[in-house]
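A.B. asks: The amino acid sequence is not available; the structure is as follows:
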């Protein structure tokens, strides 16, 4: 029996050792999720810059972690505060903790990448590289030493943060808050009174692709099973962690959907994506010590807290956070850490502690609060110093011209991250995508008066008149227009992608709780020159093809044309407009 038990123990140890590395790989894959969320929630003119930042915070973090970060985190303990600097990875590689290095490295990169989203679209790339290195080399390793090593002073007191609500997410969120405050908002985010300097209005700046943002959210959720579960040591504990890691974000998302539906009239897509991540952040500290009820409670609070956090930054603190990093990571990192002191229960596998609501009293809750305050103070002080030093030396913020043109072209010489598509152009740095609506009768859409076009009797001299008809319409109606024109004999036309808006500037919509002011919307401009086909027929056909009854159906412009010349044959006038076969 002894031999059998020993073999089983060895096999179990090897299995969980392999799972530990698989979990590390899942956490690394979360870098793709962060990149997609940040890219989707911001404008297309900065997509390449954001991808580059998310790549480099990991690639810069690796050498920084090798040189200093790993030893400060897991080196020989010095007074419970810091690890002894060393280079065992070079001098004693045969006995080095390879798995521990990789695992802690990918966690370190997560802390650095959180900051990127809150400071997106207006930060110098060089400055980003520097503060990312500081986070990976100094800020994260030291506070993580307090929490996750046997000699760390918080660990010795009994502070519990299983997978990083405090050590990673709260610290990254605080760094994001400090950085965004020092950096200032994007151009056009806030309208201020020129006399008093007070903010009088908050503008929505929607991201260019919720689809990409949603993909990032799903990738992060998938990776979070490794983020929370990699350090599990038994099968039951791993199963329980997977359960809580599923319940909390799901509940948070449902709560957020219901709340935004009630508050704003429609369920907010981007806010619900943030809520999923908020629930994941909230459960990270206590995923191993909570039951299903505790995870659900964490999710309920997270789903509300993320909406409150976005509102607080926009309307009270006036801090511009394009992706909601502060609301998701800082606020829910704090909440998740405190929640351990409320919902920890010995009924969870391998758990030996109870929170306040499970008969454990206030002791654990006090320890969790102490950890939040001390680690939070460390992050505030170190990151404030870091950002102020960068700002006063090489500068933290891109110039007005660079920000307006986009960091893709100014920082990386990249005209567009989407090579075959028209680069995004904005007015006042605000871009909103075009919304579509189902067709509706005029009375139920917008009040309109339909004018009958008088028929025009042409003289013989005008029968061969050349007329240009320019139609500006929604992109999704182009195929309908093309088919309709073809049916009346108009087969040649020029199509241009354009941006614009009418005098009504669109119907009011909400984005993350802020009214969206439509400025420049993507449209299609179709131009035809006709002579054989009556102009009235072209105009009426186009109008019928484009009509939905909603604002934004488009405009039709009619111009006189002096002459037409076919380049290939030199034909001019009426003959130049006819099909080559005629």
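C.D. replies: Yes, it's here. None of these values were measured; they are calculated from a predicted model.

A.B. asks: In the helix or strand containing residue 112, which of the residues would be classed as buried?
C.D. replies: According to DSSP states H and E, residue 112 maps onto helix 98-118. Neighbour-count burial for helix 98-118 flags 101-118 (criterion: 16 or more other CB atoms under 10 Å). Backbone N, C-alpha and C define where each C-beta goes, glycine included.

A.B. asks: how about the strands of the stretch 401-550 of the chain, start to end?
C.D. replies: Remark: strands assigned in the stretch 401-550 of the chain by DSSP state E, counting those that start in this stretch are 466-474, 494-500, 509-511, 514-516, 521-530.

A.B. asks: Out of those strands, which gets nearest to residue 557?
C.D. replies: When these are compared by CB to CB, strand 466-474 sits nearest residue 557, at 4.4 Å.

A.B. asks: For that closest one, which strands pair with it and how are they oriented?
C.D. replies: strand 521-530 (antiparallel), strand 554-561 (antiparallel) (DSSP bridges).

A.B. asks: so which of the ones you listed comes closest to residue 36?
C.D. replies: strand 521-530 (21.8 Å).

A.B. asks: Below-threshold pLDDT in the stretch 1-150 of the chain: ranges please.
C.D. replies: 1-3, 5, 8 (pLDDT under 70).

A.B. asks: Just the helices from it, written as ranges.
C.D. replies: 2-40, 47-64, 70-74, 88-91, 98-118, 125-134, 140-148 (DSSP state H, counting those that start in this stretch).

A.B. asks: ditto for the stretch 251-400 of the chain
C.D. replies: 269-284, 292-311, 325, 332-343, 363-393, 400-405.

A.B. asks: Just put these in a markdown table and tack on mean pLDDT.
C.D. replies: Listed next are those as a markdown table, based on pLDDT from 0 to 100:
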| stretch | mean pLDDT |
| --- | --- |
| helix 269-284 | 97 |
| helix 292-311 | 98 |
| helix 325 | 97 |
| helix 332-343 | 98 |
| helix 363-393 | 97 |
| helix 400-405 | 92 |
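
A.B. asks: My guess is residue 310 contacts residue 327. True?
C.D. replies: Yes. Using CB atoms under 8 Å, residue 310 makes contact with residue 327 at a distance of 4.9 Å.

A.B. asks: Report the set of residues contacting both of these two.
C.D. replies: 274, 321 (CB atoms under 8 Å, 6 or more residues apart in numbering).

A.B. asks: With neighbour numbers in mind, choose between these two.
C.D. replies: residue 327 (32 against 23; other CB atoms under 10 Å).

A.B. asks: Return the distance of the more buried one relative to residue 311.
C.D. replies: From residue 327 across to residue 311, the span is 9 Å (CB to CB, to the nearest Å).

A.B. asks: again, but for residue 383
C.D. replies: 24 Å.

A.B. asks: how about the strands of the stretch 401-550 of the chain in CSV, adding mean pLDDT?
C.D. replies: Shown next, in CSV, are those (pLDDT from 0 to 100):
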stretch, mean pLDDT
strand 466-474, 89
strand 494-500, 82
strand 509-511, 73
strand 514-516, 76
strand 521-530, 85
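
A.B. asks: of all those, which lies closest to residue 12?
C.D. replies: strand 509-511 (50.0 Å).

A.B. asks: Starting from the closest one, tell me which strands it pairs with and how they run.
C.D. replies: strand 514-516 (antiparallel).

A.B. asks: Could you count how many residues lie near residue 80?
C.D. replies: So residue 80, with other CB under 10 Å, has 16 neighbours.

A.B. asks: Give me the nearest residue to it, chain neighbours excluded.
C.D. replies: Once flanking residues are discounted, residue 80 sits nearest to residue 153: 3.6 Å by CB to CB, 6 or more residues apart in numbering.
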